[in-house]
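Participant: the following comprises the amino acid sequence and a computationally predicted model.
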Amino acid sequence: MTLKVRLLLQSNRALSLSLIVLMTLLAWAYLLTITQEMQSQMDLSEMGLGMGIFNQQPAAEPTLATGHHHHGSPLQPNQAQASRPTATFSMPALGKTWSIIDFARVLIMWIMMMIAMMLPTAAPMIVTYADILANQQGGARVLSPLAAFIGGYLITWGSYSLVAVIAQWGLLQSDLITEMMVGANPLFNGSILILAGLYQWSKLKDVCLTHCRTPLQFFLSSWQSGSRGALRMGAKHGAYCVGCCWALMLLMFFFGLMNLIWIAALSIIMLSEKILPKGELFGKGVGILFFIWGLLILGGQL
């Protein structure tokens, strides 16, 4: 390997990692800003399991039901209204009635959550692409194709986010999630945990995870030149990534869509199963845990 190629490898890797870190930090800054806005307006324990630790002062008895049966809504109407944060520039109004602006804000929230969770898991693929560009003629000019590859990846996950927003609205109208965006129905909660657990053992999961775990093989079979080719490759990799992780992302409807603890935890789980030497076995182990958790929640309702 020549000195020029080594320098290109180093600069390309630095550029790709810098883009990933910058975009991930911006997404987390957005999510933290929303959480900070909520701190002074409500009991954050209503935002999902573990979020009470972010309360500015001791919280009241948690009213959220995740695994135990409660009759009616977790909050009485006057309580729900009192604890519902007001809409801000970054945060949608919480409730069943959405304006177009609220829909857009919820979509932005989903996209930012997706970037915070999923972009770090794509780091091995993005860095590998940067390495390939460094070994090609003219590899020094990588920003355009690199940005296009990341853009294609985010377009695919953005499409998933749009579907998730529509699903969120439907679940809210059906009272399967609370106005605080947390799973409210034990049957629903247990079912999506079981679904996520079973999917971890599915053939489709194995196929998609294999593509995510072998970046070089992906590019050997899917290579397209230029920025347009990079965009298409990014979108294709995003499709494999969605196929790998959609069920785990679905769990945010149980844990709470703004639950920072589980946003971080699920991100670590998805990254680990992609990069650990036995990551596929780790993912199956996580699947067993979610499956058992779901059974326990359903069992508590029998």
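Facilitator: Thanks, I have the structure now.
Participant: does residue 173 touch residue 96 like I think?
Facilitator: Yes: between residue 173 and residue 96 there is a contact under C-beta atoms under 8 Å: 6.1 Å. All C-beta atoms are positioned from the backbone trio N, CA, C, and that covers glycine.
Participant: can you spell out which helices and strands pack onto the helix or strand hosting residue 242?
Facilitator: Using DSSP states H and E, residue 242 sits in helix 226-250. Packing contacts for helix 226-250, counted by 3 or more C-beta pairs under 8 Å, 6 or more residues apart in numbering; DSSP states H and E, involve helix 100-118, helix 123-134, helix 143-173, helix 186-199, helix 203-213, helix 215-222, helix 260-275.
Participant: what are the buried residues along it?
Facilitator: Buried positions in helix 226-250, judged by neighbour count with 16 or more other C-beta atoms under 10 Å: 227, 229-250.
Participant: distance from the chain centre to the following helix or strand past that helix, please.
Facilitator: For helix 226-250, the following helix or strand on the C-terminal side (DSSP H and E) is helix 252-255. From the chain centre to the centre of helix 252-255 is a distance of 11 Å (C-alpha atoms, centre = their mean, to the nearest Å).
Participant: residues in contact with helix 252-255: which ones?
Facilitator: 48-49, 66, 113, 167-168, 171, 176-177, 182-183, 188-189, 192-193, 259, 261-263, 266 (C-beta atoms under 8 Å, 6 or more residues apart in numbering).
Participant: of those, grab the buried ones for ChimeraX.
Facilitator: Command for ChimeraX, covering only those of the contacts of helix 252-255 found buried under the criterion 16+ other C-beta under 10 Å:
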select :48,49,66,113,168,171,176,177,182,183,188,189,192,193,259,261,262,263,266
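Participant: tell me the pLDDT of the spatially closest residue to residue 289 that is not a sequence neighbour.
Facilitator: Ranked by C-beta to C-beta, 6 or more residues apart in numbering and with sequence neighbours excluded, the top spatial neighbour of residue 289 is residue 197, at 7.4 Å. Note for residue 197: predicted pLDDT of 97.
Participant: share the number of residues neighbouring residue 197, please.
Facilitator: 23 (other C-beta atoms under 10 Å).
Participant: same question for residue 221.
Facilitator: By other C-beta under 10 Å, the residues close to residue 221 number 9.
Participant: ok, residue 192 to residue 199 distance?
Facilitator: To residue 199, residue 192 is 10 Å away according to C-beta to C-beta, to the nearest Å.
Participant: let me fix that, I meant to ask about residue 222.
Facilitator: Distance from residue 222 to residue 199, by C-beta to C-beta: 24 Å.
Participant: so where is the stretch 101-250 of the chain shaky, pLDDT-wise?
Facilitator: 137-141 (pLDDT under 70).
Participant: same for the lengthiest helix in the chain, what does it pack against?
Facilitator: Ranked by residue count, the top helix of the chain under DSSP state H comes out as helix 3-39. Other helices and strands packing on helix 3-39, by 3+ C-beta pairs under 8 Å, 6+ apart, are helix 100-118, helix 123-134, helix 143-173, helix 260-275.
Participant: who wins for proximity to residue 203 among the ones you listed?
Facilitator: Residue 203 lies closest to helix 260-275 among the helices and strands packed on helix 3-39, at 15.7 Å (C-beta to C-beta).
Participant: and the closest one with helix 3-39, angle?
Facilitator: In terms of direction (axes from the mean of the first three to the mean of the last three C-alpha atoms, to 10 degrees), helix 260-275 departs from helix 3-39 by 160 degrees.
Participant: packing partners for the next helix or strand along the chain from helix 260-275?
Facilitator: Per DSSP H and E, helix 260-275 leads on to helix 279-299 as the next helix or strand towards the C-terminus. Under the contact criterion of 3+ C-beta pairs under 8 Å, 6+ apart, helix 279-299 touches helix 186-199, helix 203-213, helix 260-275.
Participant: put the alpha carbons of stretch 203-219 into CSV.
Facilitator: Coordinates of each C-alpha in stretch 203-219 appear next as CSV, following Å, rounded to 0.1, in the frame of the first residue of the first chain:
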residue,chain,number,x,y,z
LYS,A,203,-34.8,-16.4,8.4
LEU,A,204,-35.4,-12.9,7.0
LYS,A,205,-33.6,-11.4,10.0
ASP,A,206,-30.7,-13.7,9.4
VAL,A,207,-30.4,-12.7,5.7
CYS,A,208,-30.6,-9.0,6.4
LEU,A,209,-28.2,-9.2,9.3
THR,A,210,-25.7,-11.1,7.2
HIS,A,211,-25.7,-8.3,4.7
CYS,A,212,-25.2,-5.7,7.5
ARG,A,213,-22.4,-7.7,9.0
THR,A,214,-20.4,-8.2,5.8
PRO,A,215,-19.9,-4.7,4.2
LEU,A,216,-17.3,-5.8,1.7
GLN,A,217,-19.5,-8.6,0.4
PHE,A,218,-22.4,-6.1,0.0
PHE,A,219,-20.3,-3.8,-2.2
